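Asks: with the input below, show me the fold.
(chains A and B)
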Amino acid sequence: MSLAFALCLLTVFALGVLGAPVAWALFVAAVVYLAVQGADLALATEQLVQSLYDSYVLLAVPLFVTAANIMNAGTVSERLLAFCTAAVGRFKGGLGHVNIVSSVIFAGMSGSAVADAAGVGKLVMEMMTKNGRYPKGYAAALTAASATIGPIIPPSIPMVMYALVSDQSIGFLFLGGVVPGLLVAAVLMVVNRAMAARLHVAREDPVPLAELPRRTFEAFPALLMPVILLGGIYGGATTPTEAASIAALYALLIAAFLYRALSLSALWGQFVTSARQAATVGIVIGCALIFNYIVASERIPQALSGVLAGLAISPLVFLLLVNGLLLLLGCVLDATTIILVILPLFLPACEALGIDLVHFGVVAVVNCMIGLVTPPYGMLLFVIGALTGTPLQETLRYLWPFLLVLIGALLVLILFPDLTLWLPRRFGYAGRPRLGRFGGAAGPGSGPKARAGSTVAKPRADDQKSETSRSGGFARSPGAGSTFSRPSRGLGRGRLEELLSGYAGEVAAGPPRGRLAGRPSRPGLDGHDLGRIADPADLGVGIELVGSCSAGLELIGRSGGADGEPGREPGEAAVGRRPGSLRAGGSRRCSRAVRAVARPACDRRPRGTARRRNAPLERLRGRRYMGGPPRGSRRSRRDGSPLLPRERGPARCRRLFGQAYREG
Amino acid sequence: MKGRAHRAGLVLRGAADALTAALLLALFATFVLQIAFRYLLNWPVGWTVEVCLTLWLWLVLLGAALCVPDREHVRFDLLEQRLPPRARRVTGLLVAAALLAGFFAVLGPSWGYVSFYKIKRSATLRIPLSWVFSVFLLFAAALVLRQAWTIVRLLRAAAEPAPGAAEPADASPLRR
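Replies: Model (predicted):
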C-alpha cells in the first residue's frame, strides 16, 4: 500500500466518522490520493463524470426509484395490502403474515428496501399497531426485517450495482434472487408465527372469503406489475433498464387513470422526491466508482487474491469469512458503499476460487440487506423509526429473533449455491465450473438443462478452432490472457444467437446504422437486442455491448456486408475470450473493454466517441494502461492517443485481433 | 433583510428542485419513447441512449449539489449526533473546510478537463462533450459555495450564543 493510498483511506475514515456525506468523503479522499501522487486532479472528475456517463445499466436506478414512489403515492400499496389482508390475514399472527407477503409482492415491483419500508411497510405497521394489537416495537422490527426482501426479489437496485462492478448479467442476478427472497420470507413467517403465539396476539377477524374476489380484482392491476416487469425482461422484450421505465409508466397509468389517486401536482411532487432520491443514490455510486478506480490501480484486489491463494483457503471457508466480514461491515456501513467499494475487492479471489459470481452476488446482496437492519447503522431501522416514531430501543428488543433467522437463511444460501442458481440455470445460465469443494453441480454441462444446455455445448463442439474450452478458465492460463479465440467463419444469425444464448449480456443498440427488427428469439438471452437483428449484416455498427457478458465472452460484432469491405462474408463475427485480469478493475473498465472490442471491429468508430475507450484494449494485450497511478502528460491520458497508433480500417482490425482477422 | 434572503433561498431551492424533477421526467419520457419507437413504430432510435445518459449525469450532479440537503445524504452520523453541540460545530467546521478545499482544488483542473472536450462530439447527437460535461463545473462550484455557506453559518452560530435555539433557522439557499 502506498503512502498516497494510506492517506486516502485516512481521509475517508476521518471525514466519514465526522459526519461528512459518504460521497463527498470518497471524492475528497480521491483528490487527496491524486494530489499525493502528483497526478492530475481532474482524474477524479474524469472518473466521476465518465462512470456516470458510461453506465447505461445505472439508468435503472432513477427509474425504479420513480416507479416505487408513484406506486406508494398512487394507492397501489393500499390495494395490495387489502388483498393481502384478505388472503393471509386469517391465520395466527395474521397481520404479521400480511406484512411479509405484501413485502414479497411489493418486492416484485420495486427495487429498493427503503421504498418498501416507506410505502407498504409503513401502512401495514399502522394496521398492526392500531388498538395496540401488536407491540409497536414488534411491528417495527417485523417491517424492517420484511423490507429486506425488497431488493432480494427482482427487480433490485443493489443487484444492478453489483452487476456494474462484477460484470455479471443483471438478468441472471435478478433470477438468482427469487428463491432466496422466498426463503427469507418463509423463515420470517415462521418466526412471526412463533412470536405471535408468545405475544398472545389476538387473531384478526377474518375477512370473509366472499370479499376475496373483489379485493383481488381491485388489486389485480397492481399484482400484474411483477408479471409485466419480469415477463418483459425474461421474455426478451425489454432490457432490465427498460423494464424499469415500463414499471414506472405502468404505475403511473394505473395510479392516475385506473385508481384516479394521483393528481398532477401530487405527481410532480413525486418526481421532485424521486429526483432527489435518485441523485442521492447516484452520487454515492459515482464517487464510490472513483474510489474503485483507485483501489484497482493500487492492485489491492489482486494482492488480496494472491494472499488468499497463498493461504490455500477453500471456497466455502472463503465465502463464510467474507460474509462474516460483510455482516460486520453492514453494522457500520451503507449497503451501496459495501457493494461498490468492498465487494470488488473479493471478486478476483472469487474467480480464482471458482465461486460462481452470480451466487456470490446474490449472497452478498442478501448480506447487505441484513446490514440494513443491523444496529448501530441500519438504514431501514432509521427510516421506520422516523416514519412511525418508534424508538430504536423498542424495535431492537424484538429484532433479534428476526436477525438470527435472517443470518440462518444467509448461511443456507451460502452452503447451497444450487438454491440460488437453480432458477438462472432454468433460463440458460451456464454458470462457472465448480473448482472447489462445493456441494452442488459440478461442471458446466450439468447446469443448463435441455435446450439451453445443448445450445451452449454445441458451438463448442462445432467450433474446432476454439482452443480454450469453456470450463478452461480464461483468466488462469498464462498467455492465453491476451489472445482471442479465433472466429468462426460465416457466422449466420442463428449461429450467432446460439453462441450468445449461453453468454447473455446486456446488449443495446448503439447509434443505429443497421436495421434492427424482428422479435427476440430465446428466453434467457437478456441481451435481447441481438434477437432483433434481422440481418446479420446489421451487426457491424449498430450493436454495442453495454453491459457485460456473464461468461467472460463477448461479441466482437463484425460484419463485412454492412461495411462493404470486400472479401468478408456478411455476419461474420467472432466470439472472443476476455482475459480475466480485466475483471479486477471493476466493471467500468470491463464494460469499456467490451465496447472497445465491439468498436474497432466496426471499423468506423462514430466520430466524436472518445478514443480513450479503446485504451483498455492495451490492457487486453497485456500492456499497462492507467494501470498504475495515472501518469504521463495530460493529453495522453485524456484521449489515450499515444497508446494506439492511428491506423484505421482493416489494418487496425488486423492488428487488434491479429490471428483472428488474418484467418478470417 | 434576512427574510428576503430566506425567501430568495426558497425560490432558488424550488427552482433547483423543479430543474432536477424536469430532468428526471425527461429521462423517463425518453425511455418510454425509446421503447415506443422500437415496438410500436418498429423504428429503433439510437439517440435516446445518449440523451438518457446525459440527463442522468446532469440529474445526479445537479441534484446532489443543489437539491439534496446534507442530512439526506448517505452518511454515517452516529458519532456526530452523540457529540455536544459545541463539538459538533467544530467537527462541522472541519468537515466543511476539508470539503471546501477538496472541491476547490478540483475546480481548476476540471475546467481544463471539460474544456479539453470541446474538440469531441457526442456519439449520436454531435453535441460537443464539453457542454455535456460542463455540469461538473456547476456541481463543484455549487459545492464550494455550499461548504462556504456552512462555514459562515457555523461561525455565526458560534458567535451568537443563543442557549434556547442552538442553531438558527436555516436560511441557506441550498438547504431546507
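Asks: other residues contacting the least confident helix or strand in chain B by mean pLDDT?
Replies: Within chain B, no helix or strand scores below helix B:78-82, which has a mean of 80 by mean pLDDT, DSSP states H and E. Identification of contacts with helix B:78-82 by CB atoms under 8 Å, 6 or more residues apart in numbering or on different chains yields A:17, A:18, A:19, A:376, A:377, B:88, B:91. Placement of C-beta: from N, CA and C, glycine included.
Asks: mind listing what's buried in that helix?
Replies: By neighbour count with 16 or more other CB atoms under 10 Å in any protein chain shown, helix B:78-82 contains the buried residues residue B:80.
Asks: next secondary structure after that helix?
Replies: helix B:85-116 (DSSP states H and E).
Asks: can you list the helices and strands that that next one packs against?
Replies: If contacts are counted by 3 or more CB pairs under 8 Å, 6 or more residues apart in numbering or on different chains; DSSP states H and E, helix B:85-116 sits against helix A:3-17, helix A:22-37, helix A:42-54, helix A:634-639, helix B:78-82, helix B:129-133, helix B:135-159.
Asks: again, only this time at 7 Å
Replies: Here helix B:85-116 is seen to pack against helix A:22-37, helix A:42-54, helix B:129-133, helix B:135-159 when contacts are counted using 3 or more CB pairs under 7 Å, 6 or more residues apart in numbering or on different chains; DSSP states H and E.
Asks: the residue nearest to residue B:71 when sequence neighbours are not counted: how many residues sit nearby?
Replies: Leaving aside its sequence neighbours, residue B:71 sits nearest to residue B:77 (CB to CB, 6 or more residues apart in numbering or on different chains; 7.8 Å). Around residue B:77 there are 19 other residues, counting by other CB atoms under 10 Å in any protein chain shown.
Asks: right, and residue B:77 touches residue A:18 too?
Replies: No - here residue B:77 does not reach residue A:18: they are 9.4 Å apart, not a contact under CB atoms under 7 Å.
Asks: how near is residue A:56 to chain B?
Replies: Using CB to the nearest CB, to the nearest Å, residue A:56 is found at 6 Å from chain B.
Asks: dump the residue contacts of the residue of chain A found nearest chain B.
Replies: Using CB to the nearest CB, the closest approach of chain A to chain B is made by residue A:279 at 2.6 Å. Each residue near residue A:279 by CB atoms under 7 Å, 6 or more residues apart in numbering or on different chains is listed here: B:20, B:59, B:60, B:63, B:64, B:67, B:68.
Asks: secondary structure class for the nearest residue to it once chain neighbours are set aside?
Replies: Using CB to CB, 6+ apart and skipping the chain neighbours, the partner closest in space to residue A:279 is residue B:63 (2.6 Å). Counting by DSSP: H, G, I helix; E, B strand; the rest coil, the backbone at residue B:63 sits in helix.
Asks: nearest to residue A:31 among the contacts of helix B:78-82?
Replies: Closest approach to residue A:31 among those (CB to CB): residue A:18, at 16.8 Å.
Asks: so what's that closest one up against?
Replies: B:80, B:91, B:94, B:95.
Asks: for these, which one is nearest chain A?
Replies: Chain A has its nearest neighbour among the contacts of residue A:18 in residue B:80, at 3.4 Å by CB to the nearest CB.
Asks: give the buried residues for whatever helix or strand residue A:385 lives in.
Replies: In the assignment (DSSP H and E), residue A:385 maps to helix A:379-388. Neighbour-count burial for helix A:379-388, with 16+ other CB under 10 Å as criterion, is recorded at A:379, A:380, A:381, A:382, A:383, A:384, A:385, A:387, A:388.
Asks: ok, then the element right after it?
Replies: By DSSP H and E, the next helix or strand past helix A:379-388 is helix A:392-415.
Asks: does chain A sit close to stretch B:126-144?
Replies: Yes - using CB under 7 Å from any CB of the partner chain, we find that stretch B:126-144 touches chain A at B:126, B:133, B:136.
Asks: now neighbour count and distance to residue A:415 too, for the residues you listed, in JSON lines please.
Replies: Compiled in JSON lines, these are given as follows (neighbours: other CB atoms under 10 Å in any protein chain shown; distance: CB to CB, whole Å):
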{"residue": "B:126", "neighbour count": "12", "distance to residue A:415": "54"}
{"residue": "B:133", "neighbour count": "25", "distance to residue A:415": "47"}
{"residue": "B:136", "neighbour count": "25", "distance to residue A:415": "46"}
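Asks: can I get those in a markdown table with distance to residue A:392?
Replies: A markdown table is the format used below for those (distance: CB to CB, whole Å):
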| residue | distance to residue A:392 |
| --- | --- |
| B:126 | 54 |
| B:133 | 43 |
| B:136 | 38 |
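Asks: the nearest residue to residue B:24 once chain neighbours are set aside in helix, strand or coil?
Replies: With CB to CB, 6+ apart as the criterion, residue B:24 has its nearest non-adjacent residue at 4.2 Å, and that residue is residue A:275. With three-state DSSP as the basis, residue A:275 sits in helix.
Asks: what residues are up against residue A:275?
Replies: Per CB under 7 Å, 6+ apart, neighbours of residue A:275: B:20, B:21, B:23, B:24, B:59, B:63, B:67.
Asks: around chain B, pick out the residues from the stretch 251-400 of chain A.
Replies: Contact residues (CB under 7 Å from any CB) of the stretch 251-400 of chain A with chain B: A:268, A:271-272, A:274-276, A:278-280, A:282-284, A:286, A:332, A:334, A:336, A:376-377.
Asks: in strands, which of those residues fall?
Replies: Here DSSP state E is the test, and those give no hits in strands at all.
Asks: buried ones from these, can you make that a ChimeraX selection?
Replies: Selecting only the buried entries of these in ChimeraX, with 16+ other CB under 10 Å as the criterion:
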select /A:271,272,274,275,276,278,279,280,282,283,284,286,332,334,336,377
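Asks: circling back to that earlier point, can I get the contacts of residue A:279 in TSV with pLDDT and neighbour count?
Replies: Below are those laid out as TSV (pLDDT from 0 to 100; neighbours: other CB atoms under 10 Å in any protein chain shown):
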residue	pLDDT	neighbour count
B:20	95	27
B:59	96	27
B:60	95	30
B:63	94	28
B:64	94	27
B:67	91	23
B:68	89	24
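Asks: and which of these is nearest chain A?
Replies: residue B:63 (2.6 Å).
Asks: and the closest residue to residue B:93 other than its chain neighbours, how many residues sit next to it?
Replies: Of all residues not flanking residue B:93 in the chain, residue B:154 sits nearest, at 5.2 Å (CB to CB, 6+ apart). Counted by other CB under 10 Å, the residues lying close to residue B:154 total 20.
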